[in-house]
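Visitor: coordinates only, sequence not included:
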Ligand code: SF4
């Protein structure tokens, strides 16, 4: 565990502020939230160095708005199975999100 925490390239890559892209790089909030969640950025944008899409300054923020909007339309709670994270499940979830985003994008293109 110690080796992973201190010597992992994946974790060391995101220490400090040098890895940040805009808008995080020049944002006054970066010392408070450190650019948000890297896992969330990767899951929703396929690039862990992107701004967390939950932030309204993210160019991917509309994706989060769409998910929240869709969730608020549900009238009944839907029971979901617990999916434990592992490499295969994370890739499958990322692919589902990618397919959903592509489908949403095509829907928007057809409406315009
Ligand atoms: S996630 Fe948003 S608020 Fe946080 S540092 Fe980046 S741009 Fe600023």
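Guide: Nice, I can see it. None of these values were measured; they are calculated from a predicted model.
Visitor: How far away from the center of its chain is the lengthiest helix in the chain?
Guide: Counting residues, the longest helix found in the chain (DSSP state H) is helix 87-111. How far helix 87-111 lies from its chain's middle: 13 Å, per Cα atoms, centre = their mean, to the nearest Å.
Visitor: What average pLDDT does it get?
Guide: For helix 87-111, the mean pLDDT works out to 82.
Visitor: Tell me which residues are up against that helix.
Guide: Outside helix 87-111, the residues that touch it by Cβ atoms under 8 Å, 6 or more residues apart in numbering are 42, 43, 44, 46, 63, 66, 83. No exception for glycine: its C-beta is placed from N, CA and C like everyone else's.
Visitor: The chain against the ligand: which residues are in contact?
Guide: Residues of the chain lying close to the ligand (Cβ under 6 Å from any ligand atom) are 23, 24, 27, 29, 30, 33, 35, 36, 51, 52, 55, 57.
Visitor: Check the burial of residue 78 by counting its neighbours.
Guide: Counted with other Cβ atoms under 10 Å, the neighbours of residue 78 add up to 7.
Visitor: Please report the distance of it from the ligand.
Guide: Distance, residue 78 to the ligand, by Cβ to the nearest ligand atom, to the nearest Å: 30 Å.
Visitor: hmm, who's touching the strand or helix carrying residue 31?
Guide: Residue 31 belongs to helix 30-33 when elements are defined using DSSP states H and E. Applying Cβ under 8 Å, 6+ apart, the set of residues contacting helix 30-33 from outside is 17, 20, 24, 52, 55.
Visitor: Verify the stated contact: the last one with residue 36.
Guide: Yes: Residue 55 is in contact with residue 36 according to Cβ atoms under 8 Å; the separation is 5.6 Å.
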